[in-house]
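> What follows is a predicted structure for the sequence shown.
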Amino acid sequence: MLKPGKLPPKLLKQLLDQINPTDPSVLLGPQIGEDASVLNTSQSKYLVVTTDPITFTTDKIGWYVVNINANDIAVMGGDPKWLLITLLLPQKINKKTIDDIFSQIIDTSSNLGITLVGGHTEVTPNIISPIAIGTLIGEVSKNHVIKTKDAKPKDAIILTKKIALEGTSIIAREFPNKLKSLGIKNDIIQKAEDFILHPGISILKEANVARNFKYVHAMHDPTEGGIVTALIELAIASNTGIMIDTKKIQIAPESKQICKALNINPMGLLSSGCLIITTPQKNSCELIKNFKSHNIESYEIGHLTANPNEYKWVSTSGIEDMPIFENDELTKCFEAHT
């Protein structure tokens, strides 16, 4: 039986390999590691299209569904523009919850300059909590498309902000009583709850800085499966290997404390809010300076290699194979709760 979360990479690759778009307007179709598709439909710009559901949390799902989809457009170098939402609602939901979800979608879209253009709503049997699915269309200039597969061997890997922010926030919001029973203080829980807003899970600001830096080869935002899964997706897409220094990966003290209490590895925990960028080694310092000038925390965590299928990191034990997370570490909390 499959576990909740992303499909295993091998199975996903088998499925995607069956897809062979014949429409010449499809410039980038479905591939592991790519966050959106790219379509050539006009003289001046390409369309960038993505879709993502919100399933791991019930809190602020309207806010989540807009931000998560906007991130996928931004890492391709695009501007998010037009949003469609499918909202599946359980039979016992109350009107206030529906109103809250719609208000979150409308307000967040407006704040990001996104227009809500349609979608679908229904009350669905056999579900116990709301599910929001976003389909977002953006635009990108034809000479500014950024693809994960364009990362190169020897590229420096730059990471912004801290990992596990999203996962830690969801845990704090969904399981506060569990954390209190494990000795986590209330102020730690409250600070972790706020991670989705401060520093936030949107990467639009840093993606905009990166796309205007002419030496960026690729961007990718870590989601399910955390930073490790995102790095491996990047390597698969670009046919490269990885060498990471784990000491360089920043984790908030609150995330460390909560993950330790729950026996969760933050390296495999939902990590929307940070952004992976690759650039030639000689340009990495300049890019980090650019981020700093925009008050964005960033650091070099390793580099890509010319050895596909070799995913290594340096830990306190020396050079080791990176772990493979078959599903996000967050699922441990939900499995224990059911």
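Everything's here; your move. Numbering: from 1, shown residues only.
> tell me which residues in stretch 94-109 are buried?
Neighbour-count burial for stretch 94-109 flags Ile98, Asp100, Ile101, Gln104, Ile105, Thr108, Ser109 (criterion: 16 or more other C-beta atoms under 10 Å). To be clear about C-beta, it is placed using only N, CA and C from the backbone, and glycine gets the same treatment.
> Show me what that stretch is in contact with.
60-63, 65-67, 83, 85, 87, 89, 114-116, 130, 132 (C-beta atoms under 8 Å, 6 or more residues apart in numbering).
> As TSV, the buried residues of stretch 94-109 with pLDDT, secondary structure and distance to Met267 would be great.
Below are the buried residues of stretch 94-109 laid out as TSV (pLDDT from 0 to 100; DSSP: H, G, I helix; E, B strand; the rest coil; distance: C-beta to C-beta, whole Å):
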residue	pLDDT	secondary structure	distance to Met267
Ile98	95	helix	37
Asp100	96	helix	33
Ile101	96	helix	32
Gln104	96	helix	30
Ile105	97	helix	32
Thr108	97	helix	29
Ser109	97	helix	32
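> Now flag whichever of those is closest to Pro4.
Ile101 (21.6 Å; C-beta to C-beta).
> Pick out whichever of the buried residues of stretch 94-109 sits closest to Lys161.
Distances from Lys161 to these, taken by C-beta to C-beta, are shortest for Thr108, at 19.3 Å.
> So, low pLDDT: which residues of the stretch 201-338 of the chain?
By pLDDT under 70, the low-scoring segments of the stretch 201-338 of the chain are 336-338.
> As a check, name the ranges of all strands in it.
218-220, 241-245, 276-280, 298-305, 311-315, 318-321 (DSSP state E, counting those that start in this stretch).
> Go through those and name the closest to Ile158.
That would be, of these and by C-beta to C-beta, strand 276-280, which comes in at 4.4 Å.
> which helices and strands sit right next to the closest one?
When contacts are defined as 3 or more C-beta pairs under 8 Å, 6 or more residues apart in numbering; DSSP states H and E, strand 276-280 packs onto strand 155-160, strand 218-220, helix 226-238.
> Go through those and pick out the most buried.
strand 218-220 (a mean of 27; mean count of other C-beta atoms under 10 Å).
> quick one: contacts for the residue positioned nearest the centre of the chain?
By C-alpha atoms, centre = their mean, the chain has its centre lying nearest to Thr223, at 3.2 Å. When contacts are counted by C-beta under 8 Å, 6+ apart, Thr223 touches Asp52, Ile68, Glu166, Ala230, Leu270, Ser271, Ser272.
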